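1. Based on what follows, work out the 3D shape:
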Amino acid sequence: MFDNLTARLSRTLKNISGKGRLTEDNIKDTMREVRTALLEADVALPVVKSFTQRVKERALGKEVALSLTPGQEFIRAVYDELVNTMGGENAAINLACQPPAVILMAGLQGAGKTTSAAKLALYLKERLRKKVMLVSADVYRPAAIDQLKTLASQCGAGFFPSDTSQKPVDIANAAYRQAKLEAYDVLIVDTAGRLAVDEAMMKEIAELHKALNPIETYFVVDAMTGQDAAVTAKAFAEALPLTGVILTKADGDARGGAALSVREITGKPIKFIGMGEKIEALEPFHPDRIASRILDMGDMLSLIEDLQRKTDMGEARKFADKIKKGQGFTFEDFKAQMLQVKKMGGMGGLLSHLPGAGQLAEQVKGKLNEKMIDHMIAIIDSMTRKEREHPEIIKASRKRRIAMGAGVQISEVNQLLRQFDGISKMMKKMKGGKLGRMAGMMKSMMGAGRFPGMPGR
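-> From the prediction side, this is the model:
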């Protein structure tokens, strides 16, 4: 996410971080570079102009002039304005009404409305403990109704059936009555999209809005459309009383133009951001955390929240107790840890939250993918139970059998065994709870700049 913008801004701001004094002359080149970086990221021109002007005013202001580290204060000014441009703070979802609270999803075809409706249902169900019903008012695409029904089943939400012979307003009203009758907390209404904004579309969704009087009306937009996302959002905001924006496919957006343009152009906050195809890949939008990631400062708060939510704390405690007691580290333990890493989005997903991740060597970045962990797990799965518990018995003939079963080269089995041996030794040193040696463990895992599962040289 935002890789291109991060790389460009990191290089630009590095040049000014050591300046002892900031003047209009010595920030001129930096401001030009910042402006170019934003334009290349497909940020809307009016947003670029106002952003750079505000940063310049802050950088030449009294507070920066009196600071002992003016260069660092300049970077702070860029960070503060990034946060400000994206809305300042997280705009929480509003469900303060007599249930069922209605959420209306609007947007163009292909933006990800239907998927986002299901992702939002799962978010409300799992994190806010709400009983959610989904309904499709898209009478133009039968596939959209079937898709939402399937997704509702996947996320454990209720589903109100509809078909193409009905009117959207009739569907929505019937769904509302049923949601009320069955004591649902939230009703999410998916609407029809078009390839472009048109009068018929706006009239239909305005009628739906009038009939339902939703507490939240979200515009769903594809982040990869760049500044066009902000332009389309503005058209919807003029036709509908939008309460927020859901930015989808942000994991595939290396530029960041939409995230930086939508709030300022529409005046509507980005409330959620979609970070992948999986149904759980929807997160509240936190401008401060996104700004931190854009400037390659990491996003530790989101990482901690992910760990707390996705880690089986009971299993984690068992594993910690086992290590403290010196009971030995097996391939079963190793596999369990790798599955946990995969759950967190793989090594790449974890590292993307850490400060300086944008500066990782390109050859390392390119190998941080799902296949890396899948390779490791395939090798472990090809071992017998005895081999997993006693890897010292794995000699030449066993290595050949394991490699053949996993579909890998014997050299890759050897490499995994070497890395496992290094981790096992580190685990023994951690007996008694000496967790300060964790960095050493990570170094062993990486083995001369290679992560576990990477092909040997």
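
2. I'd guessed residue 334 sits against residue 383; true?
-> No. Taking contact to mean C-beta atoms under 8 Å, the distance of 10.8 Å between residue 334 and residue 383 leaves them out of contact. Just so you know, the C-beta spots here come from the backbone N, C-alpha and C atoms, and that holds for glycine as well.

3. Please look at residue 225 and residue 259 and confirm they touch.
-> No. The pair residue 225 and residue 259 does not pass the contact test of C-beta under 8 Å, sitting 11.7 Å apart.

4. Can you tell me how far the most centrally placed residue in the chain is from residue 247?
-> If you average the C-alpha coordinates of the chain and look for the closest C-alpha using C-alpha atoms, centre = their mean, you land on residue 275, 3.5 Å from that point. Taken as C-beta to C-beta, to the nearest Å, the spacing of residue 275 relative to residue 247 amounts to 10 Å.

5. now swap in residue 41 and tell me
-> Residue 41 sits 14 Å away from residue 247, going by C-beta to C-beta.

6. list the buried ones in the lengthiest helix in the chain?
-> Secondary structure of the chain read by DSSP state H shows that its longest helix is helix 410-429. Taking 16 or more other C-beta atoms under 10 Å as the neighbour-count basis, helix 410-429 is seen to contain the buried residues 412, 413, 415, 416, 417, 419, 420, 422, 423, 424, 426, 427.

7. Turn these into TSV, columns for distance to residue 215.
-> What follows is these, written out as TSV (distance: C-beta to C-beta, whole Å):
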residue	distance to residue 215
412	54
413	57
415	55
416	53
417	57
419	52
420	53
422	55
423	51
424	55
426	52
427	51
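
8. Could you dump these into JSON lines and include distance to residue 194 and pLDDT?
-> Converted to JSON lines, the buried residues of helix 410-429 look like this (distance: C-beta to C-beta, whole Å; pLDDT from 0 to 100):
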{"residue": "412", "distance to residue 194": "50", "pLDDT": "88"}
{"residue": "413", "distance to residue 194": "54", "pLDDT": "90"}
{"residue": "415", "distance to residue 194": "53", "pLDDT": "87"}
{"residue": "416", "distance to residue 194": "52", "pLDDT": "88"}
{"residue": "417", "distance to residue 194": "57", "pLDDT": "89"}
{"residue": "419", "distance to residue 194": "53", "pLDDT": "82"}
{"residue": "420", "distance to residue 194": "55", "pLDDT": "84"}
{"residue": "422", "distance to residue 194": "57", "pLDDT": "79"}
{"residue": "423", "distance to residue 194": "54", "pLDDT": "76"}
{"residue": "424", "distance to residue 194": "59", "pLDDT": "76"}
{"residue": "426", "distance to residue 194": "57", "pLDDT": "70"}
{"residue": "427", "distance to residue 194": "58", "pLDDT": "67"}
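
9. Return the distance of the helix or strand hosting residue 265 from the chain's centre.
-> When secondary structure is defined using DSSP states H and E, the element that contains residue 265 is helix 257-266. For helix 257-266, the separation from the chain centroid amounts to 18 Å (computed by C-alpha atoms, centre = their mean, to the nearest Å).

10. what's the answer for stretch 391-400, then?
-> Taking the mean of its C-alpha atoms, stretch 391-400 sits 40 Å from the chain's own mean (C-alpha atoms, centre = their mean).

11. residues making contact with that stretch?
-> The list of residues contacting stretch 391-400 from outside it, by C-beta atoms under 8 Å, 6 or more residues apart in numbering, reads 330, 331, 383, 386, 387, 402, 410, 413, 414, 417, 420, 421.

12. now do stretch 198-216
-> Taking contacts as C-beta under 8 Å, 6+ apart, the residues outside stretch 198-216 that touch it are 93-97, 101-104, 106, 137, 168-169, 172-173, 176, 189, 191-194, 217, 239-241, 243-244.

13. Can you show me the strands along the stretch 1-150 of the chain?
-> With DSSP state E, counting those that start in this stretch, the ranges of strands along the stretch 1-150 of the chain come out as 101-107, 132-136.

14. just to revisit the earlier point, which one's more surrounded, residue 225 and residue 259?
-> With neighbours defined as other C-beta atoms under 10 Å, residue 225 and residue 259 compare such that residue 259 has more, 32 against 20.

15. pLDDT score for the more buried one?
-> The per-residue pLDDT reported for residue 259 equals 77.

16. Pretty sure residue 291 is one of the things it touches, is it not?
-> No. Using C-beta under 8 Å, residue 259 is not in contact with residue 291; the gap is 9.7 Å.

17. quick one: common contacting residues for these two?
-> When C-beta under 8 Å, 6+ apart defines a contact, the residues bordering residue 259 and residue 291 alike are residue 86.

18. how about low-confidence regions in the stretch 1-150 of the chain?
-> Per-residue confidence for the stretch 1-150 of the chain (pLDDT under 70) gives these ranges: 1-4, 14-22, 26, 62-71.

19. let's go with 90 and repeat that
-> 1-92, 96, 106-112, 127, 138-144 (pLDDT under 90).

20. same deal with the stretch 351-457 of the chain?
-> Applying pLDDT under 90 to the stretch 351-457 of the chain flags the ranges 351-377, 385, 388-392, 406-409, 411-412, 415-457.

21. what are the ranges of the helices in it?
-> In chain order, the stretch 351-457 of the chain shows helices spanning 362-365, 370-381, 385-389, 396-406, 410-429, 438-446, with DSSP state H, counting those that start in this stretch as the criterion.
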